[in-house]
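Enquirer: Return a 3D structure for these sequence lines:
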Amino acid sequence: MDRAELADFLRLRRARIQPADVGLPPGNHRRTPGLRREEVAHLAGMSVDYYVRLEQARGPHPSEQVLDALSRALRLSEDERRHLFHLAARTPGPGAGPRRDVPAGILRLLDRLDDTPAMVVDAKSDILAWNPMLCATLGRDLAAYPERERNGLRWLFQPGGTETADRVTFAREMVADLRAAAARYPDDASIRELVADLAGHPLFDELWAAHEVDTRRSTSKLIRHPTLGTFEVDCQTLDIPERDQRLIFYTAAPGTPGYEALGMVRVIGTADLATR
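Expert: The predicted model follows:
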C-alpha cells in the first residue's frame, strides 16, 4: 500500500468536486477549492478522523467497502476507481451494485439510430435508456412506466403469460444472466428485491432453482406487436464494460418477415402506445 500516493490522490480528487456536484450548499469562507474533508467523510459514511488520517498518509489499510464508498463520494470514473484500489493494494471488484449512469456517447448513438430499435440495460435487465423505435417495436411507452417497472424480467414473468417454447428459452437465458449478476453483486439490495418479487412465478422458480449461470449475449426474440402481430428479430449485444451495461439493438436479415415488420414499425411510429 502506497500511503503517500493514496493521500495525494484523495486530496486532488477532493479538490475537483464542487459542493453543488454532490447536492451540498456552497457555504461561506471556503479557503480551498472543492469539498471539505468532513464533507467527503459524510458522503462516504465514515468518520472524519478516519478520512483525515487517510489524507495524511497515516491511515489504516482501507477495506474494499471503504474504497467503494470513497469512489462514489468523489465521483471517480471506473479507471480512477481501479487506480484507487491499486494504490491501496486491493483488487477492485465490479462495484457495490449495477451502475445506472449511461455514457454520454452511448446516449448520442441511441439518438442517431432512428431506424433500429435499441436500448441500454444494466446487469439486472433494467432498461436505462432507449430510442423511439424501441417503444414503437415493443408497443410500450417506456417513459410512462415507473423506473422500477422498466425491467425485462418483470415483464417476462408477469402473471398470465403463455409459456410458449420461445418464451421459455428466452426466460432461461434471462434467469441465467440474473444469476451471474447476483454473483457479481452479492450485496446489492435491488437484485435481492427483484429475485424476491419474481419468486412464486412457477417458471421463474423452476429456472432459478436450476442454478444456471451465464452472461446473456446476442440471441433471437419473438416480438408480439399490437398491430403487426408476431415476428422474429435478432438481438445484437454490445458490451459497455466500464459500466457493466449492454447496448442491445434489434435487427433482421433483409427479405425476412422481421425485416419487413421493422420497416412497418418505423412507418407506424409511436402512436397509441400501451403503458401496461
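
Enquirer: alpha carbons only for contacts and neighbour counts from here, please
Expert: Fine.

Enquirer: Can you give the contact residues for the helix or strand hosting Ala196?
Expert: Using DSSP states H and E, Ala196 maps to helix 189-198. Applying CA atoms under 8 Å, 6 or more residues apart in numbering, the contact partners of helix 189-198 are Lys124, Arg154, Phe157, Ala182, Phe204.

Enquirer: Can you name the two of these that sit furthest apart?
Expert: Spatial extent of the contacts of helix 189-198 (CA to CA) is set by the pair Phe157 and Ala182 at 18.0 Å.

Enquirer: Quick check: mean pLDDT of the helix holding Ala196?
Expert: Helix 189-198 shows a mean pLDDT of 94.

Enquirer: Tell me the buried residues in it?
Expert: For helix 189-198, burial by neighbour count (16 or more other CA atoms under 10 Å) applies to Ile191, Leu194, Val195, Leu198.

Enquirer: Which neighbouring elements make contact with the helix or strand following that helix?
Expert: Remark: after helix 189-198, the chain's next helix or strand is helix 202-209, criterion DSSP H and E. Applying 3 or more CA pairs under 8 Å, 6 or more residues apart in numbering; DSSP states H and E, one finds that helix 202-209 makes contact with helix 165-184.

Enquirer: for the helix it packs on, packing partners?
Expert: Using 3+ CA pairs under 8 Å, 6+ apart, the elements in contact with helix 165-184 are helix 202-209, strand 219-225.

Enquirer: cutoff 7 Å now
Expert: Where contact means 3 or more CA pairs under 7 Å, 6 or more residues apart in numbering; DSSP states H and E, helix 165-184 is packed against helix 202-209.

Enquirer: Give me the buried stretch members for the helix it packs on, please.
Expert: Leu203, Phe204, Leu207, Trp208.

Enquirer: now, among these, which is nearest to Cys135?
Expert: Using CA to CA, these come closest to Cys135 at Phe204, 25.5 Å.

Enquirer: The nearest residue to the closest one once chain neighbours are set aside and Ala129, how far apart?
Expert: In this structure, Phe204 finds its nearest non-sequential neighbour in Leu198, 6.7 Å apart by CA to CA, 6 or more residues apart in numbering. Leu198 is 23 Å from Ala129, where distance means CA to CA, to the nearest Å.

Enquirer: Over to Leu70?
Expert: Taking CA to CA, one finds Leu70 at 27 Å from Ala129.
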